[in-house]
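# Attaching a predicted model along with its sequence, questions to come.
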Amino acid sequence: MTTVGIDDTDSRERGMCTTYAADTVARRLERRGASVDRSLLIRCNPAVEHKTRGNAALALHTDASANVAFDVARRTIDEVAKAGDDRTNPGLVVAPGDPGRVPESVADFAREAVDDHLARSAARSLVDRVGYRHHGWKNGRGLIGALAAVGAWRALGEWTYERITYREPTRWGTERTVDPESVFAAADAYAPTIWDTVDRGTGEVVCVPRTPGPVLYGIRGDDPVACRAVAEHIEGEPVDRARTFVTNQGTDGHLRDGVVGDVRDGYAYRLDGTVLTAPETRRGGHVFFEFGDGNRAIECVAFEPTKRFRDRVRGLRVGDTLTVCGEVSSGTLKLEKFAARELVATEPATPVCSGCGRTMESAGSGQGYRCRDCDTSATGKRRRRIERDLDVGWYEVPPRARRHIAKPLLRGGFDAATHPER
């Protein structure tokens, strides 16, 4: 068995998709008589500064020899990568042997690629030490993702699937033609096994990208058969080719358990604490609040594109106990989801006169309250039960705003009740 790792062939402005490059390599290997048993799509740390778009790395598990696989992959990347983009720096790593038995150092590298930051020098040093064939274009940054993809099968324990369809090359760069009604019907038929295909709250089709490039749509889910069935039920422009990828999407693999005082920019965390300030809607429609654990505080934000999720955030009150999840950037945590653990149930209120039912007035500083008409009195404010729009449990951004690697609540496995967005 041979593993081919590929990364960083696409461009934000010029299109392309590294999944397409990997599919092309796979097809060319198959034309030479080899089989490709598995195609992996690995989402690395989404907070990495130098990512192209979705920070995806690809791996192919094939019975082709390492030399044949390397030659085919290198020629393909030479042909399809958008290396003219300053941010595109492809990398290729080819490893012989069982992908489930790569050295522990390679598996560790793959784990770190999902939630940490890795240097090009570390990738070059490791790939030389283990003796894998490799090639880097331009500054070779893509070697990081390519090596991570090689180690992923041993490193990662939770997998989902995506069926990706590709457009006819003559249509690249033009507006995609996909029938929304067929997408919604197929998504409804296979929910909740299939997720993040549509956003029912806004009526958007979210499986169809808006960027230039070869992808027509991608169907994500927990079952590869269901992913393929949904893709086959979607009506629209002709599909040129398609492939099912095994992926770590929808797993929350990027989140680290942490404490507020230790967070750093460029990492994503799960943090426990308390709401310290009332949520505030600022210019642009973004909603902010302060969050802390008794020692340190951090600002949290729900950005405008998260739409109705902001109403969940606006429903928070000072004193609510939460678990928050998201990436930290410029000292602010960008919310992906949160769990309401304990919600404030009462608030102080001026007492009401038992005689006439009117609200009492202050009797003076430190003298409590009194009703001037009935001459009744109270020593201080009372606790009044408040109605909350939130319940205890998990809340998340809608599909339209979800990151590739973020875990949808409908997938289950959370430690409290869930309130999924669909």
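Happy to help now that I have it.
# For the rest of this, base every contact and every neighbour count on C-alpha atoms.
Will do.
# for this protein, what are the low-confidence residue spans?
Where the chain drops to pLDDT under 70, the residues are 12-15, 50-53.
# Okay, helices next: where are they in it?
18-31, 66-80, 104-115, 120-130, 142-155, 180-190, 224-233, 309-314 (DSSP state H).
# winner for burial among the ones you listed?
Of those, the one with the most neighbours on average (mean count of other C-alpha atoms under 10 Å) is helix 142-155, at a mean of 30.
# what angle do it and helix 120-130 make?
60 degrees (axes from the mean of the first three to the mean of the last three C-alpha atoms, to 10 degrees).
# Output helix 142-155 in PDB with nothing but the alpha carbons.
The C-alpha trace of helix 142-155 is given here as PDB (Å, rounded to 0.1, in the frame of the first residue of the first chain):
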ATOM      1  CA  GLY A 142       2.100  22.600   1.400                       C
ATOM      2  CA  LEU A 143       4.500  19.900   2.800                       C
ATOM      3  CA  ILE A 144       2.900  20.500   6.200                       C
ATOM      4  CA  GLY A 145      -0.600  19.500   5.100                       C
ATOM      5  CA  ALA A 146       0.600  16.700   2.800                       C
ATOM      6  CA  LEU A 147       2.600  15.100   5.600                       C
ATOM      7  CA  ALA A 148      -0.400  15.500   8.000                       C
ATOM      8  CA  ALA A 149      -2.700  13.800   5.400                       C
ATOM      9  CA  VAL A 150      -0.200  10.900   5.300                       C
ATOM     10  CA  GLY A 151      -0.400  10.400   9.000                       C
ATOM     11  CA  ALA A 152      -4.100  11.100   9.400                       C
ATOM     12  CA  TRP A 153      -5.500   7.500   9.100                       C
ATOM     13  CA  ARG A 154      -3.500   6.400  12.100                       C
ATOM     14  CA  ALA A 155      -3.900   9.700  14.000                       C
END
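# okay if I get the helices of the chain as JSON lines plus distance to residue 169?
What follows is the helices of the chain, written out as JSON lines (distance: least, C-alpha to C-alpha, whole Å):
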{"stretch": "helix 18-31", "distance to residue 169": "11"}
{"stretch": "helix 66-80", "distance to residue 169": "12"}
{"stretch": "helix 104-115", "distance to residue 169": "32"}
{"stretch": "helix 120-130", "distance to residue 169": "33"}
{"stretch": "helix 142-155", "distance to residue 169": "25"}
{"stretch": "helix 180-190", "distance to residue 169": "22"}
{"stretch": "helix 224-233", "distance to residue 169": "19"}
{"stretch": "helix 309-314", "distance to residue 169": "38"}
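# any idea which strand is longest in the protein?
For the chain, the strand with the greatest residue count under DSSP state E is strand 332-342.
# What are the contacting residues of that strand?
Strand 332-342 is contacted by residues 298-303, 320-328, 391-397, 402, 406, 416 when judged by C-alpha atoms under 8 Å, 6 or more residues apart in numbering.
# List buried members of the residues you listed by neighbour count.
Buried by 16 or more other C-alpha atoms under 10 Å: 298-303, 320-328, 392-397, 402, 406, out of the contacts of strand 332-342.
# sorry, back to before: and the contacts of strand 332-342, which of them are in strands?
298-302, 321-328, 393-396.
# Strand partners (parallel or antiparallel) of the longest strand of the chain?
Counting by DSSP bridges, the strands paired with strand 332-342 are strand 297-302 (parallel), strand 321-329 (antiparallel), strand 393-396 (antiparallel).
# Among those, which comes closest to residue 382?
Proximity to residue 382 (C-alpha to C-alpha) singles out strand 321-329 among the strands paired with strand 332-342, at 22.6 Å.
# returning to that earlier point: between the strands paired with strand 332-342, which one is closest to residue 93.
That would be strand 321-329 among the strands paired with strand 332-342, by C-alpha to C-alpha, at 29.0 Å.
# what residues does the closest one touch?
47, 255, 263-275, 333-343.
# could you dump that strand to PDB, C-alpha only?
Extracted in PDB, the C-alpha atoms of strand 321-329 (Å, rounded to 0.1, in the frame of the first residue of the first chain):
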ATOM      1  CA  THR A 321     -22.800  29.800  33.300                       C
ATOM      2  CA  LEU A 322     -21.700  28.600  29.900                       C
ATOM      3  CA  THR A 323     -19.300  26.500  27.900                       C
ATOM      4  CA  VAL A 324     -18.200  28.500  24.800                       C
ATOM      5  CA  CYS A 325     -16.400  27.100  21.700                       C
ATOM      6  CA  GLY A 326     -14.600  29.000  19.000                       C
ATOM      7  CA  GLU A 327     -11.400  30.400  17.600                       C
ATOM      8  CA  VAL A 328      -9.500  33.200  19.400                       C
ATOM      9  CA  SER A 329      -8.400  36.000  17.100                       C
END
